[in-house]
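Chemist: next input, structure requested:
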Amino acid sequence: MHEMSLALGILQIVEDAARVQHFRRVRSVFLEIGQLSAVEPEAMRFCFDAVISGTLAEGAVLNVVEVPGEGLCFNCNQTVPLAARYDPCPACGRYPVQATGGTEMRVKELEVE
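Modeler: Here you go, the predicted structure:
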């Protein structure tokens, strides 16, 4: 489950921010997860809860904002919603469609004390 290593990366981002900005506790982490990122939100919540034990983020809430997939169709030259990376274009039914959004995962915001 790669979500565990991603959760550890999120904790590192939080700890780095605490050193720079001098906060003592994290109440909430707002995380954007793209629909095409291959990251399962529920698995991420589980792993996040596991890695924050005993840290300045212990008890913090992980708020996941899911970002829809989006792609550019090379045939009809439209930006279209994309449910999976290798789906055909929902507008013209053809391939290829290059993913242009929904592939990312990023810490968007921290609520701290």
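
Chemist: so where do the helices sit in this structure?
Modeler: 3-21, 41-51 (DSSP state H).

Chemist: and stretch 95-107, average pLDDT?
Modeler: Taken as a whole, stretch 95-107 has an average pLDDT of 97.

Chemist: in this protein, which spans are strands?
Modeler: Using DSSP state E, the strands of the chain run over residues 26-34, 61-67, 70-73, 79-81, 97-101, 105-112.

Chemist: which residues touch the second one?
Modeler: Contacting residues not belonging to strand 61-67 are listed as 27-35, 41, 44-45, 48-49, 101-102, 104, 108 [Cβ atoms under 8 Å, 6 or more residues apart in numbering]. (Glycine included, C-beta is placed from N, CA and C.)

Chemist: that older thread, of all the strands of the chain, which one is nearest Val20?
Modeler: strand 105-112 (11.6 Å; Cβ to Cβ).

Chemist: quick check, central residue of the chain?
Modeler: Closest to where the C-alpha atoms of the chain average out (Cα atoms, centre = their mean) is Ile33, at 2.4 Å.

Chemist: my read: that residue touches Val39, true?
Modeler: Yes. When contacts are counted by Cβ atoms under 8 Å, Ile33 is listed as touching Val39 (5.1 Å).

Chemist: okay, and the common contacts of those two?
Modeler: Common contacts of Ile33 and Val39 (Cβ under 8 Å, 6+ apart): Met105.
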